[in-house]
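Novice: Have a look; sequence and predicted model below, questions after that.
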Amino acid sequence: MKYDITPFEFDEKVDLEHHKAWFLDATHSVPPWTPMFAWSWINFCRHGMQWGAEKLSLPTCKGWDWRLKDGGGYLALLIVDDPEEIKAREKEFRRQLIPFIQDYEGVYESYNNELIERYDVLRDFDVHTASNIALLEHFDALIDVNKRMWEIHMYLMYLVFGVYILFENMCKELLNIDDTHSDFHALMRGFDNKVFQDDKRMWELSRMAEEGGFKDIFTDLQPKEYLPALQAREEAQEWLKQLNEFIWERGWRSNRMSEFNMPSWVEDVTPALVNIRHFVKKGSQFDLDLERKKLVQEREEMEKTVLEKILPEQREWFKTIMELAQKSSSFSEEHNILYEFYTHALMRRALMEWGKRFKEAGAVNEVDDVLFIIPDEIRKAAIMPTHCNLKPIVEDRRREWGEWCQKDNPPMIGTLSMEEAMGLMIKSNDPIVLKVVVGSFPVPRPELKADLYGVPGSPGVAEGPARVILNDEDLAKVQEGEVLVAPATYPTWTPVFSLLKGVVVDRGASLSHAAIVGREYNIPVVMNVFVGTKQIRNGQRVRVDGNLGVVYLLED
Amino acid sequence: MDEKRWLFRFNELTQQKFLSVGKKCANLGEMTHVGLPVPPGFALSVDAYTLFLHKTGLYQEITEYLKQYNLFSPLNYSEYQKISLALRKLIDSRQMPEDMAETIRIYYREVEEQSGIEDVPVAIRSSGPVSMPGQFETYLNIRGVEDVIQKIIHCWSSTFTTQAIAYRIQKSTQQSFIRPSLGTSLGGPEPKIDITSPIGVGVLKMVNAKSSGVAFTVHPTSGDRNKIVVEGNWGLGESVVGGDISPDRFVIDKQTMHIDPTINCKTKRVVYSSKGTTEEEVPLELQNNPCLSREELQRIIRFALQLEQYFGAPQDVEWAVDQDLSSEDNLLLLQTRPVSNVVEHKKLSAENIADLFISKVFKRF
């Protein structure tokens, strides 16, 4: 079965000829993508990876190839194995690296500014009053910016994560520590980033709500009731104005990164209000400020200690690599908001407008039917939606999507064992594969008598009742003092970290969201336990040991 | 014979002159144009070197002497050593031609008058058009004009050290490099290989340094252009440049002008002695005191920034506080040069890192 929306649909007859294994991208395509998002990802995320790898001339990898199967994104690595070609690519790669090493900030800023300039124009476009043709032009401009966003995203990510791996390698060689070691973690934390700044703004709003005497709205009502209640309260009007300003600037994000089917905060402010509620519950301190001071100091001390162990003549370049590697934490957090979330939120706004117009014209039944078509089908209906019937296609695809959501897509398609396939992936030396997709594998250590073995993501030891979260909607259930157990965490989850005592994730590597944010919040994180969400019950007391990378179940 | 002028006061020099007087002296001249205090003194241009070799007949003699060797193929070290010894002896034993000596006497007298000290102690420094640090000699604390003249000749003869000769001969051999005679205008013969190497010589009033040191207008190790780093010790600057002791170190933020001082225990200092300089213990009560007053430090910062702005590039400045002079103008600058090596170094390190990146991250399999 297939959506039949792209030539990248998986074809059993030919696609196993060149790649013996295709891996499900579980981080981004579970649950299965709607057709519109699948189209966007398969076209542009795929393009961005190949563009980034090719522009940089990564010696051993030309990016990833992608196929779509049952709404799942499957990937295979384009590995270079001709030694002559690798040698030639190394030369160009070296040339590309120099300006980045000399001026990381400059390179990062200039790409970001390019995107921000384009976003500003698109954001200020009034989708509701635009003519059909103007909306179509706007939509095409969005597709174009989406493509560019992925180019920049992957180009920078290869560089930043690559230098992180280089630093880890040097640490292994010179200091005998790797990126699961707590000394290494100490070097990589104590950094601010724009996501934390947004959290701080929401914390400030929570303080204002308390001082303004309307925090009861957050403590007594259900999330859906917050906004109407706030609008009805005289004393909350100035507060709402400030909230609006914040949302217009920073609310181009939703609770799901890799889909168009969740509203952005601009469309529905509830998730932002839920975050503010977390901070209302939390009380008068913004933990991050306090924690950060301590972490910065610890990091600086660790930097000193580590540099003293390095030979004087190696110190300078070691320090340069360390400083570049340290950028990976803020890059990793910030880029999601500025890159994927922002473009996807703008795309969603235009798509919903199409949905509304098509529904009014009778071309579709529901506004969000628009997520079950692809851009060419939008073009087909755009100018005279009254003269186009998209209902049969939507109906078919909705049915397929519904069926796929009921079953799990297999983690791999192919003829290899999982181990063989992983070994193949690692051959690419692809930094994103190594530090985000695959990560380190847990080594069971029976002498620890732990119940679950994983990999340390952030140091520390903590105990608390488990809160198993399988999807974003359940996030509001998190209570202070709990240990979060999840398949993985995402940038929009950051504010709940202030409530947590520890985190356990099924999948993740040292540059995954859970590890980076756990380190900044100074709570233990254990990653790659694989079966955490299956074996841990809601409310069960657990002990998370982020130094050893293990979890103990304290109750049956 | 029409002689080119070969002796200049510092304030008569600019950077354009550096080919004839050497970088160091041209630089001092340039500083006087910015209005910065440098020690009184003068510079002998490369023409003085050439003139000396020709007037004394040394040029001929050197050419004659070298005929016994085949300079088109490399010699062994002991042969270079032999050549060096012979030539240096030849040059060092020669008198300065009287007319040249007389000119030098006139200029030395000016320095005596400016500083109000008879037989004023001076430093004599070689100043090459290409910088070859440490290759040519420097003489400190020389008193009296006849000794000055002698040391100038020594400076010239220091272009014939074993290493310098070996370097020049090997270089000409490699490139089959036949230089036209430097002396054609003087009617001299044309040797096949010219192993002379004209240099300038600077003669500066010796600073009776209470303390001295260096200032960088860019952080010398991190390359941070927003920082100034001043380092100093009691006594003459040799101890700071030589790196034998831990000097006081002041890191200044250019934006906020915040000063971050590190005062070290300075146990030794370099001072004048009857013959040159010597190292001695710093009196106990001074060892842990900063070697600069706040006022002196502020002046160094101001001067260094002025130089950086004037030359449009980060500078490495040598400074000294002269205890002979009144507190308003006791701070002197001895040298400034662009800190090109920091930038170079950065580049080098970026390239190193790129290589590491390839070998460690994108390992071939």
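Specialist: On my side now, so go ahead.

Novice: CA only for contacts and neighbour counts going forward, please
Specialist: Noted.

Novice: What residues of the helix or strand in which B:Ser78 is found count as buried?
Specialist: B:Ser78 is part of helix B:77-92 when elements are defined by DSSP states H and E. Residues of helix B:77-92 classed as buried: B:80-81, B:83-84, B:87-88, B:91-92 (neighbour count, 16 or more other Cα atoms under 10 Å in any protein chain shown).

Novice: Residue numbers of chain A in contact with chain B?
Specialist: A:58-60, A:83, A:86, A:90, A:94, A:97-98, A:101-102, A:162-163, A:165-166, A:169, A:316-317, A:321, A:427, A:429-430 (Cα under 8 Å from any Cα of the partner chain).

Novice: Which of those residues fall in helices?
Specialist: A:83, A:86, A:90, A:94, A:97-98, A:101-102, A:162-163, A:165-166, A:169, A:316-317, A:321 (DSSP state H).

Novice: any chance you could map the strands in the stretch 401-550 of chain A?
Specialist: A:412-414, A:452-453, A:455-458, A:461-468, A:483-486, A:502-505, A:525-527, A:541-545, A:550-553 (DSSP state E, counting those that start in this stretch).

Novice: same question, the stretch 201-350 of chain A
Specialist: Counting by DSSP E, counting those that start in this stretch, the stretch 201-350 of chain A contains no strands.

Novice: in chain A, which helix or strand is least confident?
Specialist: Least confident element among the helices and strands of chain A, by mean pLDDT, DSSP states H and E: helix A:418-426 (a mean of 77).

Novice: Quick check: buried residues in that helix?
Specialist: A:421, A:424-425.

Novice: Report the central residue of chain A.
Specialist: A:Tyr490 (5.0 Å; Cα atoms, centre = their mean).

Novice: Could you double-check that that one sits in contact with A:Ala514?
Specialist: Yes - in terms of Cα atoms under 8 Å, A:Tyr490 counts as a neighbour of A:Ala514; the distance is 7.4 Å.

Novice: list the contacts for B:Arg337?
Specialist: B:27, B:315-317 (Cα atoms under 8 Å, 6 or more residues apart in numbering or on different chains).

Novice: Now intersect those residues with the strands, please.
Specialist: Judged by DSSP state E, these include B:315-317 as members of strands.

Novice: In contact with the closest residue to chain B within the stretch 351-500 of chain A, which residues?
Specialist: Of all residues in the stretch 351-500 of chain A, A:Asn429 sits closest to chain B, with a separation of 5.6 Å (Cα to the nearest Cα). By Cα under 8 Å, 6+ apart, the contact list for A:Asn429 reads A:60-61, B:361-363.

Novice: swap the cut-off to 7 Å and go again
Specialist: A:Asn429 makes contact with A:60, B:361-362, according to Cα atoms under 7 Å, 6 or more residues apart in numbering or on different chains.

Novice: rewinding a little: distance from the helix or strand following the helix holding B:Ser78 to the middle of the chain?
Specialist: For helix B:77-92, the succeeding helix or strand toward the C-terminus, using DSSP H and E, is helix B:98-115. Offset of helix B:98-115 from its chain centre (Cα atoms, centre = their mean, to the nearest Å): 21 Å.

Novice: any idea how chain B splits into domains?
Specialist: Split into domains by automatic domain parsing, chain B comes to B:7-204, B:208-345.

Novice: For the least confident helix or strand of chain A, what is the distance to the chain centroid?
Specialist: 24 Å.

Novice: Format the strands of the stretch 401-550 of chain A as CSV; extra columns: mean neighbour count, mean pLDDT and distance to A:Pro446.
Specialist: CSV is the format used below for the strands of the stretch 401-550 of chain A (neighbours: other Cα atoms under 10 Å in any protein chain shown; pLDDT from 0 to 100; distance: least, Cα to Cα, whole Å):
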stretch, mean neighbour count, mean pLDDT, distance to A:Pro446
strand A:412-414, 17, 89, 30
strand A:452-453, 24, 94, 9
strand A:455-458, 33, 90, 15
strand A:461-468, 23, 96, 19
strand A:483-486, 26, 96, 22
strand A:502-505, 32, 95, 19
strand A:525-527, 34, 94, 17
strand A:541-545, 24, 96, 15
strand A:550-553, 23, 95, 11
